[in-house]
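**Q** Need coordinates for the below:
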Amino acid sequence: MGILSFFQKDKKETLDQGLAKTKESVFGKLARAVVGKSKVDDEVLDRLEEVLITSDVGVETTLRIIERIEQRVARDKYVGTDELNKVLKEEVLSLLTEDNAENPSDYSAELPSSPYVIMVVGVNGVGKTTTIGKLAYQFKKSGKSVYLGAADTFRAAAVEQLVAWGERVGVPVIKQKMGADPASVAFDTLTSAKTNNADVVIIDTAGRLHNKVNLMNELTKIKNVMRKVVPTAPNEVLLVLDGSTGQNAFEQAKQFTKATDVSALAITKLDGTAKGGVVLGISDQFKIPVKYIGLGEGVEDLQVFDRKEFINSLLD
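**A** Reported below is the predicted structural model:
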């Protein structure tokens with residue numbers, strides 16, 4: 001084992017540390033919910049409902065979880081409060097598995113096409129560009145060649161930040177002047193990537209235009225222009241959400257799923273917040289797979305989301 005690998009945290013440790021505040025919050029509330037109670041009854045379920053809602057799981061998902069636990073209690077006749085955590089974990093996992101059958105994969109997995117084109121969307125400030133940089137690092141680390149496209153041409157800071165990430169992780173960034181047509185940048189990026197036999201192309205897009213109609217039109221235009229170079233593009237539309245904003249993340253997901261065909265989610269900034277329950281609610285309600293979660297500032301702190309590992313870490 002090399003010195004670097006010795007000091008790197010393993011995936012489970014990173015996940016546990018990243019969810020520490022959410023876990024502390026949920027367990028504290030759960031403990032108060034069952035105090036003085038020996039079995040799960042209506043009063044405990046009412047308290048559990050409040051725990052889940054105040055942990056940003058969301059009302060709809062919370063009601064579905066409570067309904068499942070009610071059915072479990074009715075079936076088993078007696079469920080002790082000491083079993084509540086185990087039952088909660090099983091029912092949440094069952095719910096997410098039914099809604100989203102996609103299995104977790106890693107960065108080294110074989111991609112279905114080459115180049116594999118990821119278009120990244122999300123409002124400004126959610127960690128979109130940082131997520132792109134970390135994705136590029138992980139793909140490159142797994143042996144894949146990566147190109148980045150700076151198609152958020154409305155903000156100089158966005159282009160500069162992406163270029164900085166490209167230099168940091170050692171991947172080329174295709175850019176044009178400020179205010180350039182984003183679709184033109186995407187076209188140039190895919191053309192260069194295809195010429196150089198790149199494996200992965202990640203296109204950054206504007207987080208906000210003048211109104212929602214313009215944003216929808218812009219994203220559609222980028223897609224159409226990319227297909228002139230790579231007919232299957234984009235293979236993935238990745239929506240980046242800031243987990244620390246709780247219910248605001250739900251609203252952003254609602255707006256972007258209306259604006260474009262989002263196929264995967266990345267939920268960032270879960271470290272340092274007690275609102276990690278938002279991952280469960282968003283995964284359940286939008287029926288779109290959460291593919292990545294951000295658990296820190298380091299390039300290694302973007303993990304492929306595994307719902308079983310996530311729930312185990314949160315509720316064990």
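
**Q** which outside residues touch the longest helix anywhere in the chain?
**A** The longest helix of the chain (DSSP state H) is helix 59-76. Helix 59-76 has contacts (C-beta atoms under 8 Å, 6 or more residues apart in numbering) with 40, 45, 48-49, 52-53, 57, 79, 87-88, 91-92, 94-95, 280-281, 284-285. Yep, even glycine has a C-beta here, placed from its N, CA and C like the rest.

**Q** now do stretch 25-34
**A** 44, 47-48, 50-51, 54-55, 81, 84-85, 274, 277, 314-315.

**Q** same thing but at 6 Å, please
**A** Stretch 25-34 has contacts (C-beta atoms under 6 Å, 6 or more residues apart in numbering) with Val44, Arg47, Leu48, Val51, Ser55, Thr81, Ala274.

**Q** before we move on, what SS does the residue nearest in space to the middle of the chain have?
**A** A centroid search over the chain (C-alpha atoms, centre = their mean) returns Ala266, at 1.9 Å, as the residue closest to the centre. Classification of Ala266 using DSSP: H, G, I helix; E, B strand; the rest coil returns strand.

**Q** I figured it hits Thr131, correct?
**A** Yes - the criterion here is C-beta atoms under 6 Å, and Ala266 meets it with Thr131 at 5.3 Å.

**Q** Now for those two: what residues contact both?
**A** Val240.

**Q** low pLDDT regions in the stretch 201-316 of the chain?
**A** By pLDDT under 70, the weakly predicted segments of the stretch 201-316 of the chain are 208-213.

**Q** first to last residue in stretch 53-63, what's the distance?
**A** This stretch, stretch 53-63, spans 9 Å end to end (C-alpha to C-alpha, to the nearest Å).

**Q** gap between that stretch and the chain center?
**A** Offset of stretch 53-63 from its chain centre (C-alpha atoms, centre = their mean, to the nearest Å): 18 Å.

**Q** so what's the residue nearest to the centre of the chain bridging to?
**A** Counting by DSSP bridges, Ala266 forms beta bridges with Val240, Tyr292.

**Q** any idea of the pLDDT on Val57?
**A** Note for Val57: predicted pLDDT of 90.

**Q** The one 4 residues further on now?
**A** With respect to pLDDT, Thr61 scores 92.

**Q** Okay, helices next: where are they in the stretch 201-316 of the chain?
**A** 212-226, 247-259, 278-286, 307-315 (DSSP state H, counting those that start in this stretch).

**Q** contacting residues for the residue nearest to the centre of the chain?
**A** With C-beta under 6 Å, 6+ apart, Ala266 has these contacts: Thr131, Leu238, Val240, Tyr292.

**Q** Run a quick neighbour tally on Thr205.
**A** Under the neighbour criterion other C-beta atoms under 10 Å, Thr205 is assigned a count of 27.

**Q** Wait, it touches Ala151, no?
**A** Yes - counting by C-beta under 6 Å, Thr205 touches Ala151, with 5.3 Å between them.

**Q** domains of this structure?
**A** The chain resolves into domains spanning 11-99, 116-306 when parsed by automatic domain parsing.

**Q** Including distance to Tyr107, could those go into a markdown table?
**A** Shown next, in a markdown table, are these (distance: least, C-beta to C-beta, whole Å):
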| stretch | distance to Tyr107 |
| --- | --- |
| domain 11-99 | 12 |
| domain 116-306 | 4 |
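
**Q** before we move on, back to that, which of the helices of the stretch 201-316 of the chain sits most buried?
**A** Among those, helix 278-286 has the highest mean neighbour count (mean count of other C-beta atoms under 10 Å), at a mean of 23.

**Q** which strands and helices sit next to that one?
**A** With contacts defined as 3 or more C-beta pairs under 6 Å, 6 or more residues apart in numbering; DSSP states H and E, the packing partners of helix 278-286 are helix 59-76, helix 247-259.

**Q** one more time with 10 Å
**A** helix 42-54, helix 59-76, helix 84-99, strand 236-242, helix 247-259, strand 264-268, strand 290-294, helix 307-315 (3 or more C-beta pairs under 10 Å, 6 or more residues apart in numbering; DSSP states H and E).

**Q** and the third one with helix 59-76, angle?
**A** Spelled out, that is helix 84-99. Per axes from the mean of the first three to the mean of the last three C-alpha atoms, to 10 degrees, the angle that helix 84-99 makes with helix 59-76 is 120 degrees.

**Q** For helix 84-99, what is the distance to the chain centroid?
**A** 20 Å.

**Q** Can you report how many residues neighbour the nearest residue to Gly18 once chain neighbours are set aside?
**A** Nearest residue to Gly18 in three dimensions, chain neighbours excluded: Leu295, at 3.0 Å (C-beta to C-beta, 6 or more residues apart in numbering). Counted with other C-beta under 10 Å, residues neighbouring Leu295 total 26.
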